[in-house]
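Turn this into a model:
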Amino acid sequence: MNYIKLIFTVALGLASLNGHAEDLKSADSATILTRTFGTLVDQNGNIKLPSNFRQDWSHLGSWAVLDSKAPGHGFHDVYTQKEAVDAFRSTGKFPDGTVLVKEVRTVEEGVQTTGQAQWAGSPKIWFVMVKNEKDRFQGNDHWQEGWGWALYEAKNPSNNISKGFRSTCMGCHVPAKQTDWVFTKGYPTLSK
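Reported below is the predicted structural model:
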């Protein structure tokens, strides 16, 4: 009889933990929204490049375009909030308020003890995407297809030089339309 009580007690405990986990997911989503809209996105929809994303956020993955003649030449590192990673692993979607930052760096190279090598140099540009499930900022060219879109150059990281989603971003992102405009296959951190 004591085993039945023990099993019942453990089952109740696990059920309450599962409910607590759902509460934590809701809290994480609320945290993302609080940090994004009002801090990284102002009331007019202007997107700010996050600071300290390399230190504070999760690194999703990297791309290397080593052909110096290619338009995307450089090392591409992509970051997002930890809560966004957790939500994506759980649901397969980025929650409202998720921020993705792609940092493109120069390619440096030289002979090392292991042979000829390439490594990431100085930042060149940053692309920023902000998930927008609530259709905020209607009529703003930077807010299209469920995301806010921005582009910053290293020479002036406070100035969004994007001409809007259709002019600046869509051409490269069309192949990722089926995955919510995000190239997820290069991001091992999103895998369970």
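
Where does pLDDT dip in the protein?
Scanning the chain for pLDDT under 70 picks out the ranges 1-30, 33-34.

Where do the strands of it begin and end?
58-65, 74-80, 99-112, 115-131, 143-144, 147-153 (DSSP state E).

Go through these and name the closest to Arg89.
Nearest to Arg89 among those is strand 58-65; the distance by C-beta to C-beta comes to 10.7 Å. Every C-beta, even on glycine, is put in place using the N, C-alpha and C of the backbone.

out of the strands of the chain, nearest to Lys93?
Short answer: strand 115-131, nearest of the strands of the chain by C-beta to C-beta, at 8.7 Å.

Which positions within the closest one qualify as buried?
Applying a neighbour-count criterion of 16 or more other C-beta atoms under 10 Å, one finds 120, 123-131 buried in strand 115-131.

Give me the most central residue, the protein.
Leu100 (2.4 Å; C-alpha atoms, centre = their mean).

Quick check: beta-bridge partners of it?
Here Leu100 shows beta-bridge partners Thr80, Met129, assigned using DSSP bridges.

wait, doesn't it sit right on Trp126?
No: when contacts are counted by C-beta atoms under 8 Å, Leu100 is not listed as touching Trp126 (10.5 Å).

ok, now which ones touch Ser158?
The contact partners of Ser158, taken as C-beta atoms under 8 Å, 6 or more residues apart in numbering, are 48-49, 152.

Same check on Val41?
Counted by C-beta under 8 Å, 6+ apart, Val41 has contacts 47-48, 130, 148.

what's the distance between Glu109 and Gln118?
4 Å (C-beta to C-beta, to the nearest Å).

now Val130
For Val130, the distance to Gln118 - C-beta to C-beta - is 31 Å.

Please apply the same query to Val85.
27 Å.

Gly164: neighbour count?
By other C-beta atoms under 10 Å, 14 other residues sit near Gly164.

Please name the nearest non-neighbouring residue to it.
Asp141 (2.9 Å; C-beta to C-beta, 6 or more residues apart in numbering).

Just the helices from this structure, written as ranges.
2-36, 53-56, 82-91, 170-173 (DSSP state H).

export the third one as PDB, just CAs?
If I follow you right, that is helix 82-91. Taking Å, rounded to 0.1, in the frame of the first residue of the first chain, the C-alpha atoms of helix 82-91 are listed here in PDB:
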ATOM      1  CA  LYS A  82      18.100  32.100 -24.500                       C
ATOM      2  CA  GLU A  83      14.400  32.100 -24.000                       C
ATOM      3  CA  ALA A  84      13.900  32.200 -27.800                       C
ATOM      4  CA  VAL A  85      16.000  29.100 -28.100                       C
ATOM      5  CA  ASP A  86      14.000  27.300 -25.400                       C
ATOM      6  CA  ALA A  87      10.700  28.300 -27.000                       C
ATOM      7  CA  PHE A  88      11.900  27.200 -30.500                       C
ATOM      8  CA  ARG A  89      13.000  23.800 -29.200                       C
ATOM      9  CA  SER A  90       9.700  23.300 -27.500                       C
ATOM     10  CA  THR A  91       7.300  24.600 -30.300                       C
END
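
Noted, bye for now.
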